[in-house]
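Q: Need the 3D shape of this:
(chains A and B)
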Amino acid sequence: MTRESFARLAGAAILMLGMGLMGCQTTQDAEQTTQPEGSEWREAPSEDSMRESHPLTDLQTIYFDFDRSDIRPDARDALRANADEIKKTTGIVTIEGHTDERGSSEYNLALGERRANAAKRYLVDLGVGSSQLNTVSFGEDRPAVQGHDESAWRYNRRAEFVGN
Amino acid sequence: MRRTIGFVAALLIAVALAGEAGAQFGGDARAPVVVTPDSERSYRIALQRFADVSTSPRASRSVDFRAALADALEFSSVFAVIDEKAFLGPEVTGSLEGGPPVVCSDWTQIGADGLVQGEVAVVEGRLGVAVRVWDAVRCKDVIRRRYSQEASKNPAIVARRVADDIVEAFVGVRGVSGTEIAFVSDRGGNKEIYVANADGSDARAATANRSINNFPSWSSDGDSIAYTSYRFENRPLLFLSSRGRRRPGRLLTGNDRAQYRGVFGPSGRTLALVVSTGTAPDLFLSRDDGTNLRRLTRTRSIEVSPTWSPDGERLAFVSDRTGSPHVYMMHRDGSNVKRLTFDGSYNTSPSWSPDGRWIAYETRVGGQFDIWLIDPDGSVNVPLITHPRSDEGPAWAPDSRKLVFSSTRRGRADLYVVDLDGSNLRRLTQGAGNNTSPAWGPYPK
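A: I've put the predicted structure just below:
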């Protein structure tokens, strides 16, 4: 067994253990909330993410045009560099898709997903294993730059690569 | 004093015996009006201060109740409340029954179409309110009804119920001042779900998990709100908040894809869902507890923002299958997909009116967003809100006469209520953070 595949197996084992723990937590929470009464709004208890994020290395962010999810020519170098970095490791990278604040926030969630997927496809085409890549969309809810004009929007329509 | 309390009680019994007496009177009232653009309020109404028949009366009780009732009637857009300084008749109700008869000409002379009389009393920890409403023109009472609630509660709550019944008696459709609006606000630093009264008052948090929470959707019984939250694993999943019998917590626990939105159907037993399928979100149905997932669309394009027809048979939704987002409709089993909007290049956020007549949606015009109305045939398509800043996310009141939406016209996003004809614009939030994604709750039970 190579060193790399051992590390992969160990990573998978840790991940499964984590998921198992979370499964227990969910069950417990469900049991705690029996027989609701009264008129106060209630929600399930908060659950913190099991993992903290640590940057894999300096992965570069790429940017998109309004209501588009195709990879712009000026993003290709960044994606190639990111692919090279990711291929050096066995770490998992989460690709976060983001949009600017304009338009329907629900549609923007979908657009953010599509941007993350477009970036993932490009990395896979460059030889990155798809098992190393997760995607998540934050739509317009995590802007990189505050502001209400194109000077902010151009930096918010983006995909970020977060190593775990 | 005892004698007057007896009248309140007698009125309660009379109303109870008559069943929904007010509704019967309402059926006899004038035909529903259509408020046309720039019209004045349809009716002018005089509110007497209610006689406080408690054993320890307080002047402020009557004054405060009149003010709350006036606010709720003004909110309806149906009534203009006449200043009591203009009254020819008594400013305070003498007695609801057995007292001197109402002189209708005192009220018609000052232009009143209606007169509201009443008594209030706090007895054994409960606030009792007896109301008699007159059609001043026909000189005939249209409502005789008694209300009560715990005395510790805000009297405005019962005042709004009274106002909504008065609206129903005059226009045939119940008023909505007693309903609630759920929305998203980042006023506390994170996007959380809040619930406020329809006039924006008394906003309180329904979530407090300090992640991103979005897209509240009411169950038809008003007991539960489905919403999207990143509280778990920092990815979007569907949750339920409840103040009734449904159990709060995660929905769709068996599905690991990104879950973007759940929208309760009119029966309250079905959810329309927006769930990722790996490429882009598609639409699904499930039971209201998130089980029995059924897929409705199978495309590589984006499908989001389902909104139910009032009979629960059809859904309008957004798809970008042509390359840009437009509004479509389909049967609830996914068949008979039909494109509804053709103008412009960005039409999103459809909301089907409870009476079925209109689908409100947002459309991109230049760099901003306006709200338009289109009928389900696609034959009538008219602007509702046009403004140089963005107006987005329309949602209907249960009476189909008002909508709530969010607008950046004052900088940060605030919620506004407007009538179907674009009149009576009213701001609900007061600059506390950004306030978006409103959902108007059902009539209270």
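
Q: low-scoring stretches of chain B, by residue?
A: Counting by pLDDT under 70, the ranges of chain B that qualify are B:1-40.

Q: Domains in it, by residue range?
A: Chain B resolves into domains spanning B:43-171, B:180-440 when parsed by automatic domain parsing.

Q: How far away from the center of its chain is the shortest one?
A: Averaged C-alpha coordinates place domain B:43-171 at 23 Å from its chain's average position (C-alpha atoms, centre = their mean, to the nearest Å).

Q: Kindly report the same for the longest one.
A: Using C-alpha atoms, centre = their mean, the mean C-alpha position of domain B:180-440 is found 14 Å from that of the whole chain.

Q: so what are the domain limits for chain A?
A: Domain assignment of chain A by automatic domain parsing yields the ranges A:1-32, A:51-163.

Q: how about the strands in chain A?
A: Taking DSSP state E as the criterion, chain A contains strands spanning A:62-63, A:93-98, A:133-139, A:158-163.

Q: which of these is buried the deepest?
A: Among these, the stretch with the highest mean neighbour count (mean count of other C-beta atoms under 10 Å in any protein chain shown) is strand A:93-98, at a mean of 24. (Glycine included, C-beta is placed from N, CA and C.)

Q: ok, and does stretch B:340-351 reach over to chain A?
A: Yes. Part of stretch B:340-351 sits close enough to chain A to count as contact by C-beta under 8 Å from any C-beta of the partner chain, namely B:346, B:348, B:349.

Q: End to end on that stretch, go ahead and measure it.
A: Stretch B:340-351 has its terminal residues 13 Å apart, counting by C-alpha to C-alpha, to the nearest Å.

Q: now do stretch B:416-430
A: The first residue of stretch B:416-430 is 10 Å away from its last residue (C-alpha to C-alpha).

Q: looking at the strands of chain A, which is closest to chain B?
A: Across the strands of chain A, the minimum distance to chain B, taken as C-beta to the nearest C-beta, is reached by strand A:133-139, at 5.0 Å.

Q: could you dump that closest one to CSV, C-alpha only?
A: Presented in CSV, the C-alpha positions along strand A:133-139 are these (Å, rounded to 0.1, in the frame of the first residue of the first chain):
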residue,chain,number,x,y,z
LEU,A,133,-13.7,18.2,-4.7
ASN,A,134,-16.9,19.2,-2.9
THR,A,135,-19.2,22.0,-4.0
VAL,A,136,-21.4,24.4,-2.0
SER,A,137,-23.3,27.5,-3.1
PHE,A,138,-23.7,30.5,-0.8
GLY,A,139,-25.6,32.6,-3.5
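
Q: Are there helices or strands packed against that strand, and which ones?
A: Secondary-structure packing of strand A:133-139 (3 or more C-beta pairs under 8 Å, 6 or more residues apart in numbering or on different chains; DSSP states H and E): strand A:93-98, helix A:105-125.

Q: before we move on, the earlier item: least reliable of the domains of chain A going by mean pLDDT?
A: Averaging pLDDT over each of the domains of chain A singles out domain A:1-32 as the lowest, with a mean of 41.

Q: which of the residues of stretch B:340-351 next to chain A lies closest to residue B:164?
A: Relative to residue B:164, the closest of these is residue B:349; by C-beta to C-beta it sits at 27.4 Å.

Q: neighbours of the closest residue to residue A:164 other than its chain neighbours, just the number please.
A: Of all residues not flanking residue A:164 in the chain, residue A:92 sits nearest, at 4.7 Å (C-beta to C-beta, 6 or more residues apart in numbering or on different chains). Burial of residue A:92, expressed as a neighbour count using other C-beta atoms under 10 Å in any protein chain shown, amounts to 17.
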